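Undergrad: mind folding the following:
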Amino acid sequence: MQLIVTRYGIVMPLLAIGGAFVAAILSVQFMLRVLGRWGLGPFGYYRIALSGLILLWF
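TA: All right, here's what the predicted structure looks like:
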């Protein structure tokens with residue numbers, strides 16, 4: 001961490017941490033909206049289809 005602060009100053013690491021925090025909040029909100037709307041069904045179908053394709057490939 002000291003090398004980063006020495007190289008870029010304190011502002012850039014703080015902006016990066018803040019940006020990562022905002023992206024994480026938005027991602028969690030999006031996933032909760034998707035799960036609330038459609039549930040885990042589409043994810044399950046996707047995993048079953050993907051496993052079938054992998055079995056056919058091998």
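
Undergrad: just the pLDDT for the residue sitting nearest the centre point of the chain.
TA: Computing the C-alpha centroid of the chain and ranking residues by CA atoms, centre = their mean puts residue 27 first, at 6.3 Å. Note for residue 27: predicted pLDDT of 98.

Undergrad: what's the local residue count around residue 13?
TA: Residue 13 has 14 neighbouring residues, counting by other CB atoms under 10 Å. To be clear about C-beta, it is placed using only N, CA and C from the backbone, and glycine gets the same treatment.

Undergrad: and the helix or strand hosting residue 55, how far out from the chain middle?
TA: Element membership for residue 55, per DSSP states H and E: helix 41-57. Put simply, helix 41-57 sits 21 Å off its chain's centre (CA atoms, centre = their mean, to the nearest Å).

Undergrad: quick one: pLDDT of residue 43?
TA: Model confidence at residue 43 (pLDDT) stands at 89.

Undergrad: typed the wrong thing, it's residue 5
TA: 84.

Undergrad: how about it: what's its closest non-neighbour residue?
TA: Spatial nearest neighbour of residue 5, chain neighbours left out: residue 13 (6.3 Å); criterion: CB to CB, 6 or more residues apart in numbering.

Undergrad: ok, now how distant is the residue nearest to the centre of the chain from residue 17?
TA: Going from residue 27 to residue 17 by CB to CB, to the nearest Å gives 16 Å.

Undergrad: so who does the nearest residue in space to residue 1 that is not next to it in sequence touch?
TA: Nearest residue to residue 1 in three dimensions, chain neighbours excluded: residue 13, at 7.7 Å (CB to CB, 6+ apart). Contacts for residue 13 were tallied using CB atoms under 8 Å, 6 or more residues apart in numbering; they are 1, 4-5.

Undergrad: dump these to a markdown table, plus secondary structure, neighbour count and distance to residue 48.
TA: Formatted as a markdown table, these follow (DSSP: H, G, I helix; E, B strand; the rest coil; neighbours: other CB atoms under 10 Å; distance: CB to CB, whole Å):
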| residue | secondary structure | neighbour count | distance to residue 48 |
| --- | --- | --- | --- |
| 1 | coil | 6 | 44 |
| 4 | helix | 12 | 44 |
| 5 | helix | 13 | 48 |
